[in-house]
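Undergrad: Return atomic coordinates for the entry below.
(one chain, ligands or ions: 2)
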Amino acid sequence: MLPQVEDWLRRRTSSAADWPVEELLEAKGGTTVSVVLPARDERETVGEIVAAIRRDLVDGAPLVDEVIVVDSRSTDDTAAVAAAAGALVVAQDDVLPQLPPMSGKGEALWKSMHVARGDLLVFVDADLRDFTSAFVGGLLGPLLTDPSVGYVKACYDRPFVSGGTTVAHGGGRVTELVARPLINMHWPLLAGVLQPLGGEYAGRRSLLERLPFVTGYGVELGLLVDVLEYAGLDAIAQVDLGTRVHRHQSAEALGGMSGQIMQTAWSRLERQGRVVRLEPPSTTLTQFRRVADGHEIRLSDVAVGERPPVIEVADHLRSAV
Ligand SMILES: O=c1ccn([C@@H]2O[C@H](COP(=O)(O)OP(=O)(O)O[C@H]3O[C@H](CO)[C@@H](O)[C@H](O)[C@H]3O)[C@@H](O)[C@H]2O)c(=O)[nH]1
Ligand SMILES: O=C(O)[C@H](O)COP(=O)(O)O
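TA: Numbering: from 1, shown residues only. Ligands and ions are numbered 1, 2, ... in the order given. Prediction:
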């Protein structure tokens, strides 16, 4: 590990317990805070998360100014459940409808930037189990107390929970098998980030609106690499939030996610002038499913798109949100 990374780890890692709400309230002053949950078919969990944030950090203590759920083309009643729990719900495709729609989580987050009003934005996945509002407080700690911090990633233990069985540290499969090796290969300055793909992170609007957002599941790696390039390692902090339990996807679905993450890495290497481009990488992912008479071939497109920095979106489009 690079000596700068060891030094960064010591200085820029804290834990949720270091940030009691009373101290955060004092530090908040006039700073406004938006919490955003991207949600596609999350009726089972989104309500409890929104309700906990509202109870503890809106009604209980005025730390959070708005809770927004971006409904990402759900086919269930995620939007109704989130609204009943007290969130402001927006449909992803209703924001800047003049633009051709793009898809996935990154698109939901980029669209949220045009709706949320906070100086600080906190992103929280909507599929978390056992969520506590300390997740949000922890992520806000470094941002509210240190102006040189612009971006805060959560870290946590990640068990794999399935059918009543829990494998400690068995979760985060794409993180361990794809993202961490890629990051160590190409961006070793980021090797100290414990959970580079974690869906819980917070940032200053002033920083986030200057960065492009990759669509789909490339958004976390894209933001991390771009924050490093734009603002430097010291603008990043991480906070230990304890344990994170979420809904696991199948290995096949995670293959698609991994493809998007590798495409994102390629796009950043190319932009940084670090690859000699012989031919563009294929964006077709070939997978196989066992069927009675052999294997069924499943092809999917793992290409990622990209939205420009929010500050580059023309005023006439923005005023039409
Ligand atoms: O088209 C989509 C797909 C997902 N989501 C939401 O995004 C969040 C995370 O999606 P999920 O499918 O649960 O991702 P994970 O399998 O948990 O993937 C991990 O790794 C991804 C790649 O970095 C991150 O985007 C995730 O936040 C992180 O939890 C959830 O609230 C989803 O409802 C959308 O809003 N739109
Ligand atoms: O972050 C990851 O690596 C992916 O979300 C997969 O997580 P899981 O292995 O806990 O399902």
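
Undergrad: Tell me the spacing between the residue lying closest to Val46 once chain neighbours are set aside and Ala51.
TA: Leaving aside its chain neighbours, Val46 sits nearest to Ala126 (4.4 Å; criterion: Cβ to Cβ, 6 or more residues apart in numbering). All C-beta atoms are positioned from the backbone trio N, CA, C, and that covers glycine. If you measure Ala126 against Ala51 using Cβ to Cβ, to the nearest Å, the figure is 12 Å.

Undergrad: Looking at these two, which is more packed in?
TA: Set side by side, Ala126 and Ala51 show unequal neighbour counts under other Cβ atoms under 10 Å, the larger going to Ala126 at 33 against 19.

Undergrad: How is the more buried one assigned, secondary-structure-wise?
TA: Look at Ala126: counting by DSSP: H, G, I helix; E, B strand; the rest coil, its state is coil.

Undergrad: Touching, it and Thr45? I think so.
TA: Yes: the pair Ala126 / Thr45 is scored as a contact, 6.2 Å apart, by Cβ atoms under 8 Å.

Undergrad: The residue of the stretch 51-200 of the chain found nearest ligand 2 and Gly198, how far apart?
TA: Residue nearest to ligand 2 within the stretch 51-200 of the chain (Cβ to the nearest ligand atom): Gly171, separated by 2.9 Å. Between Gly171 and Gly198 the distance is 11 Å, computed by Cβ to Cβ.

Undergrad: ditto for Asp226
TA: Computed with Cβ to Cβ, the distance linking Asp226 and Gly198 is 17 Å.

Undergrad: Let me see the contact set for Thr286.
TA: The neighbours of Thr286, taking Cβ atoms under 8 Å, 6 or more residues apart in numbering as the test, are Ile297, Arg298, Leu299.

Undergrad: Please check which residues sit opposite the last one as beta-bridge partners.
TA: Put plainly, it is Leu299. Taking DSSP bridges, one obtains Thr286 as the residues bridged to Leu299.

Undergrad: Specify the local secondary structure of the residue of the stretch 151-300 of the chain found nearest ligand 1.
TA: The shortest separation between the stretch 151-300 of the chain and ligand 1 is 2.4 Å, found at Gly199 (distances taken as Cβ to the nearest ligand atom). Secondary structure of Gly199, reduced to three states by three-state DSSP: coil.

Undergrad: By neighbour count, which of the contacts of Thr286 wins?
TA: Highest neighbour count within those, by other Cβ under 10 Å: Arg298, with 13 neighbours.

Undergrad: What score does it have for pLDDT?
TA: According to the prediction, Arg298 has pLDDT 94.

Undergrad: Just confirm Trp187 contacts Val225, I think it does.
TA: Yes: counting by Cβ under 8 Å, Trp187 does reach Val225; the two are 5.8 Å apart.

Undergrad: okay, those two: which has more neighbours?
TA: In this view Trp187 and Val225 are compared by other Cβ under 10 Å, and Val225 has more residues nearby, 26 against 21.
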